[in-house]
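*Asks:* Sharing a model prediction with you, sequence too.
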Amino acid sequence: MKLYFAPGTCAFSPHIALREAGLDAELVRVDLKRHTLPDGSDFAAINPKGYVPVLELDDGTRLTEGPAIVQYIADRKPESGIAPPAGTLARYRLQEWLGFINSEVHKGFSPLFNPATPDAYKTIATQGLGKRFDYLAAHLSAHDFLLGDKFTVADGYLYTVLGWCQWVGIDLKQWPALAAFQERIGSRPSVQAALAAEKATNGKA
């Protein structure tokens, strides 16, 4: 398999999932400014949507969109336990969390990263994220992980997007439960290995 990624993006979530599942994948670093691959070819040929992540399977089939990719990875190695079994209520609860992170948290950062966004709207967007963080913090004050006492791919996704706070002036210390969550997930061997592997690709795209 191949994982097309760019450092600092949501592609880090499936990278964590791959490490947690013990699955091998070639990392292909994408230059999102030039939309090119390491060999100079057009990334649009891989994903016409123009963004990462993309997981390319051994037969050449490509899967896009992080929530779909992480569930595929989990189902490839069900014994890893990083997603509940398909068809169970717990699995739908996982999808509930993935949907919330995707639509309410991940997308909430978009105006903060856009230099064309007026400051007044950035303030509104930051306040909106704060409300989502309040909800997450209340839940994580009582649980180590989103689904309770066991790590799942939803935790890897949340860890990834909360990491963006450092770039948009949001201090997670306002939410001690979220700051503790970041430390807890960040210390996992899978996360440390993924960080090291991505750093090793520096200059290869």
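*Replies:* Yep, that arrived.

*Asks:* Just say helix, strand or coil for the residue located most distally from the centre of the chain.
*Replies:* Distance to the chain centre peaks in the chain at Ala120, reaching 27.6 Å (criterion: CA atoms, centre = their mean). At Ala120 the chain is in helix, as set by DSSP: H, G, I helix; E, B strand; the rest coil.

*Asks:* residues in contact with it?
*Replies:* Applying CB atoms under 8 Å, 6 or more residues apart in numbering, one finds that Ala120 lies in contact with no residue. Bear in mind the C-beta positions are built from the backbone N, C-alpha and C, glycine included.

*Asks:* do Ala179 as well
*Replies:* Leu172, Lys173.

*Asks:* Distance check, the residue farthest from the centre of the chain against Gln127.
*Replies:* From Ala120 over to Gln127 the distance is 11 Å, taken as CB to CB, to the nearest Å.

*Asks:* for Pro67, same thing?
*Replies:* Counting by CB to CB, the separation of Pro67 from Gln127 is 25 Å.

*Asks:* of the two, who's got more company?
*Replies:* The neighbour count for Pro67 versus Gln127, taken as other CB atoms under 10 Å, is higher for Pro67 (22 against 9).

*Asks:* Nearest residue to that one in space, ignoring adjacent ones along the chain?
*Replies:* Leu98 (4.2 Å; CB to CB, 6 or more residues apart in numbering).

*Asks:* That neighbour touches Glu65, doesn't it?
*Replies:* No. The pair Leu98 and Glu65 does not pass the contact test of CB atoms under 8 Å, sitting 10.2 Å apart.
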